[in-house]
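Asks: below are the sequence and a predicted model; questions follow.
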Amino acid sequence: MKVSALFLLLTLPLFCFSQNDDETSDGYSTANDYIFKIAKNYFHPNPYETDFGSFLKHLLNDPGLINKTTHKKTDSSLFSFQAQYKNYSPFGFLADRTEVKLLEREIVFDSSLSQKDTLFIYQLFGFAFNGDAGLKAVKNEYSKFTHHYGKHFNTETSEIKKGDAVVGERQDYYVTGFPVSPITVGWAKFDEYQNAFILTVRFKPQ
């Protein structure tokens, strides 16, 4: 499966509402608090710790990033950025390659009323090579993540298939009052060599 096709499956927002936030007993009282915790534990920089302008400046000028590609927003296209970290692996396994993407996307809330808006998709890819060993590593990371965080959200889990073969899985997390899943986590087998743990946060700058 091509990386680009699988990438679309793992970033596609699902438009549904959650029923309630879970109360917790470990210092994080709502699902919104867990979104902040997830972003802080995995993403550098964290978009929730500062204003959007400072966050974007930090990301674009991060000296730890290489192979940067930036497309500025125009009248006919939205902003996008992608890069590779020199040495960054906030996972339970040592990633062979870590990539980051920040993509601006248009969303439609009500097609009949032409209600549209834009949000940002912020993604982290932790690649593990070496075939079956790499696949096991990303699946284990996904399993630990969903076990630890999934219970604090309303979730929807779905398989990703190539023909009849399962080549990945995603779990979308929902928060009351937010029409788009703010968190998606997944694992994917891109080919016989590349496997990845993929974490996505979706947000609208304030």
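Replies: Yes, it's here.

Asks: give me the pLDDT for residue 100.
Replies: Per-residue pLDDT puts residue 100 at 98.

Asks: tell me the secondary structure at it.
Replies: Three-state assignment for residue 100 (DSSP: H, G, I helix; E, B strand; the rest coil): strand.

Asks: all strands for the chain, in order.
Replies: For the chain, strands defined by DSSP state E occupy the ranges 65-71, 80-85, 97-110, 115-128, 154-162, 165-174, 183-189, 195-203.

Asks: which intervals of this protein have sub-threshold pLDDT?
Replies: The model of the chain has pLDDT under 70 over residues 1-29, 109-115.

Asks: can you check which helix is longest in it?
Replies: helix 131-149 (DSSP state H).

Asks: okay, the angle between that helix and strand 165-174?
Replies: 20 degrees (axes from the mean of the first three to the mean of the last three C-alpha atoms, to 10 degrees).

Asks: packing partners of helix 131-149?
Replies: strand 115-128, strand 165-174, strand 183-189, strand 195-203 (3 or more C-beta pairs under 8 Å, 6 or more residues apart in numbering; DSSP states H and E). (Glycine included, C-beta is placed from N, CA and C.)

Asks: can you put these in JSON lines and add distance to residue 55?
Replies: Compiled in JSON lines, the helices and strands packed on helix 131-149 are given as follows (distance: least, C-beta to C-beta, whole Å):
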{"stretch": "strand 115-128", "distance to residue 55": "9"}
{"stretch": "strand 165-174", "distance to residue 55": "21"}
{"stretch": "strand 183-189", "distance to residue 55": "17"}
{"stretch": "strand 195-203", "distance to residue 55": "10"}
